[in-house]
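Visitor: sequence plus the predicted model coming up.
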Amino acid sequence: MLSAYSAASVRAAEQPLLDAGHGAELMRRAAYGLTMGIISVLRSRGRAVYGARVAILVGSGNNGGDALYAGAALAARGARTTALLTSARSHPEALATFRNAGGRCLELSLETEKASFCAEAWASDVVLDGILGTGSRGGLREPAASVVAELDRLQGALRPLVVACDLPSGVDASTGEVDGPVLRADLTVTFGAHKAGLLSSPGEQYAGEVRLVDLGLDMQGAPELRRLEAADLAVLLPAPHNSDHKYTRGVAGIVAGSARYPGAALLAVAAASACGPGMVRYLGPEPVAAALALRNPEVVSSQDSPLEVRVQAWLLGPGIDGDDAQDERARDILLAGRAARIPTVVDAGALGLVQASDDGGNAHLVLTPHAGELSRLLQRCGVARSRAEIEASPRAAATEAATVLGAVVLLKGPTTVVADPLGAIYTQANGTARLATAGSGDTLAGILVALLAMGGRDLPTTAALAVALHGELARSAPSTPLNAGMLAGRIPAVWASVTGARPTRE
Ligand SMILES: NC(=O)C1=CN([C@@H]2O[C@H](COP(=O)(O)OP(=O)(O)OC[C@H]3O[C@@H](n4cnc5c(N)ncnc54)[C@H](O)[C@@H]3O)[C@@H](O)[C@H]2O)[C@H](O)CC1
Ligand SMILES: [K+]
């Protein structure tokens, strides 16, 4: 499990070491890790350090200091290094070290030097972004902002590799929010601890690969957010006990699909069933049930009232829009659920049925909106948040919604957020853009209801687990075209590969 912290927590952890006089040692370690990161990206392009061209953007604080020390180390190994000083102030010792190692300095205050730096950066093998780190307030200011905007214009094969020092300048280290231009990095070498802003949208989309350099910080208190990694999937994905029977292995109940949208039911049921619960019960129109019988003969379908069937978890909503009988089933389950507290996934067409609650009455719900659906959901609760505002600050929006609605909120996006009303947050970025296809959400909802039915973990952890497994379905086939209909069929192989060699309990 990966834990990520706010800028304030990282700085607080750094303080005792600074007080004890270890500041220079911390910078030395940070700069060494950064140097190694730059060397590795140079090697990835078949370039040796000797003779490589490295352009460095330098800010006024320690972030610029780290970048200058790394530049000095590269210059000492024969790289041609050019630094653009974006402020009248630069870390004095680092600047002196850089100059002594043969680094060239240009000043942004001089227009000709700015043009000369941009030309150098465009011709470089690597651009190092050391303008702002954890001490930044707000986005990049002029004139550095327009240099970054200009450098970011160069795309494609001609673009130099970009390495961010600690974080891409202009990304908020704590929230991941972005205000103004940011130079998109291929690699971010971050120091001391993972910054929550690098594991949150939209900041994560600017960071590229993130490598952590251990500085020996003693992080105190709860992390800002957590992320499940491959090793966690191996432990958390459920496995049957030899004493299990179909009911103890979990029954997933699904209210999905309609005459108009039968596909949503097929996708959700196929995904749920592929996860291996004891049983999948489907409630919905007869023609959809008939189609399901051909594709998933193991599924038990009926047109019953949900109050007459027993399940360990419900999924309500995919493709039920405009079907009165499905709508009534979903309403009945939500009403009964306030007492029965059966874990319930509320997706798509059922999201409009959820009311705000501050009495714990929704604590068994996992809501799975995308940004547009969340905007409408919040609107109904009297909170005005546009889709664009939610996409700019998804973590804040998901947390707000979890608090207002009293339910776990799984907000889908390039980095998916799972927020629970008690404050815990997971963010998962396992998926790729190849998952952004029609029906992908129905598959996620099916995986989630199956994992909830199989039980064993709390709601937010199970939700994060479902997002991670769903993401791995795309990641495991990086180069083939993918549609949602293919996803459920991939579950057994991906499940086997992530659980790997774990001991069986059978
Ligand atoms: N955390 C650690 O353990 C270590 C961190 N290191 C590096 O130090 C930076 C943080 O350094 P700091 O000097 O505190 O802050 P910054 O470098 O981010 O810059 C602050 C500097 O910039 C000015 N400023 C603030 N906001 C803006 C803005 N929007 N535009 C322009 N200028 C701005 C502000 O006035 C300050 O002067 C951390 O990221 C690491 O890279 C250590 O090297 C190792 C230990
Ligand atoms: K930076």
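Guide: Here it is on my side, so go on. Ligands and ions are numbered 1, 2, ... in the order given.
Visitor: mind naming the longest helix for the protein?
Guide: For the chain, the helix with the greatest residue count under DSSP state H is helix 23-44.
Visitor: strand partners (parallel or antiparallel) of the next helix or strand after it?
Guide: As assigned by DSSP states H and E, the chain's next helix or strand after helix 23-44 is strand 53-58. Strand 53-58 has the following strand partners under DSSP bridges: strand 80-85 (parallel), strand 126-130 (parallel).
Visitor: list the buried residues in the longest helix of the chain.
Guide: For helix 23-44, a neighbour-count test (16 or more other CB atoms under 10 Å) marks 26-27, 29-31, 33-35, 37-39, 41-42 as buried. Every C-beta, even on glycine, is put in place using the N, C-alpha and C of the backbone.
Visitor: ditto for stretch 377-395
Guide: 377-378, 383, 385, 390-395.
Visitor: report the separation between the two terminal residues of it.
Guide: With CA to CA, to the nearest Å as the measure, stretch 377-395 spans 16 Å from end to end.
Visitor: hmm, back to that, okay, the buried residues of helix 23-44 in JSON lines with pLDDT next?
Guide: As requested, the buried residues of helix 23-44 are exported to JSON lines (pLDDT from 0 to 100):
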{"residue": "L26", "pLDDT": "96"}
{"residue": "M27", "pLDDT": "96"}
{"residue": "R29", "pLDDT": "97"}
{"residue": "A30", "pLDDT": "98"}
{"residue": "A31", "pLDDT": "98"}
{"residue": "G33", "pLDDT": "98"}
{"residue": "L34", "pLDDT": "98"}
{"residue": "T35", "pLDDT": "98"}
{"residue": "G37", "pLDDT": "98"}
{"residue": "I38", "pLDDT": "98"}
{"residue": "I39", "pLDDT": "98"}
{"residue": "V41", "pLDDT": "96"}
{"residue": "L42", "pLDDT": "96"}
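Visitor: in contact with the spatially closest residue to R28 that is not a sequence neighbour, which residues?
Guide: Distance criterion CB to CB, 6 or more residues apart in numbering; nearest residue to R28, sequence neighbours excluded, is Y69 at 7.2 Å. Going by CB atoms under 8 Å, 6 or more residues apart in numbering, Y69 touches 27-28, 30-31, 34, 94, 97-98.
Visitor: farthest pair in the residues you listed?
Guide: Maximum pairwise distance in these, criterion CB to CB, is 14.9 Å, between A30 and F98.
Visitor: contacting residues for the residue lying farthest from the centre of the chain?
Guide: Centroid-distance maximum for the chain: N100 at 41.6 Å, with CA atoms, centre = their mean. N100 is in contact with A72, counting by CB under 8 Å, 6+ apart.
Visitor: how close does it sit to M36?
Guide: 21 Å (CB to CB, to the nearest Å).
Visitor: repeat for L57
Guide: Counting by CB to CB, the gap from L57 to M36 is 20 Å.
Visitor: before we move on, what about Q15?
Guide: Plainly put, Q15 is 26 Å away from M36 if you go by CB to CB.
Visitor: kindly report the same for P369.
Guide: Look at P369 and M36: by CB to CB, they are 42 Å apart.
Visitor: other SSEs contacting the helix or strand bottoming out on mean pLDDT in the chain?
Guide: Lowest on mean pLDDT, DSSP states H and E among the helices and strands of the chain sits helix 111-122, with a mean of 89. Where contact means 3 or more CB pairs under 8 Å, 6 or more residues apart in numbering; DSSP states H and E, helix 111-122 is packed against strand 53-58, strand 80-85, strand 104-107, helix 144-152.
Visitor: out of these, which one sits most buried?
Guide: strand 53-58 (a mean of 28; mean count of other CB atoms under 10 Å).
Visitor: between the helix or strand that comes right after it and strand 53-58, how many degrees?
Guide: Counting by DSSP H and E, the element after strand 53-58 in chain order, helix or strand, is helix 62-76. With axes from the mean of the first three to the mean of the last three CA atoms, to 10 degrees applied, the angle from helix 62-76 to strand 53-58 works out at 160 degrees.
Visitor: what angle do helix 62-76 and helix 23-44 make?
Guide: Using the same axes, to 10 degrees: helix 62-76 against helix 23-44 is 60 degrees.
Visitor: touching ligand 1 at all, helix 62-76?
Guide: Yes. Interface with ligand 1: helix 62-76 contributes 62-64, 66 (CB under 6 Å from any ligand atom).
Visitor: most surrounded residue in these?
Guide: D66 (31 neighbours; other CB atoms under 10 Å).
Visitor: surely that one touches T35?
Guide: No. Checked against CB atoms under 8 Å, the pair D66 and T35 is beyond contact range at 9.8 Å.
Visitor: what about Q303, distance to G406?
Guide: 32 Å.
Visitor: which of the two has more residues huddled nearby?
Guide: Under the criterion of other CB under 10 Å, the comparison of Q303 against G406 puts G406 first, with 20 against 12.
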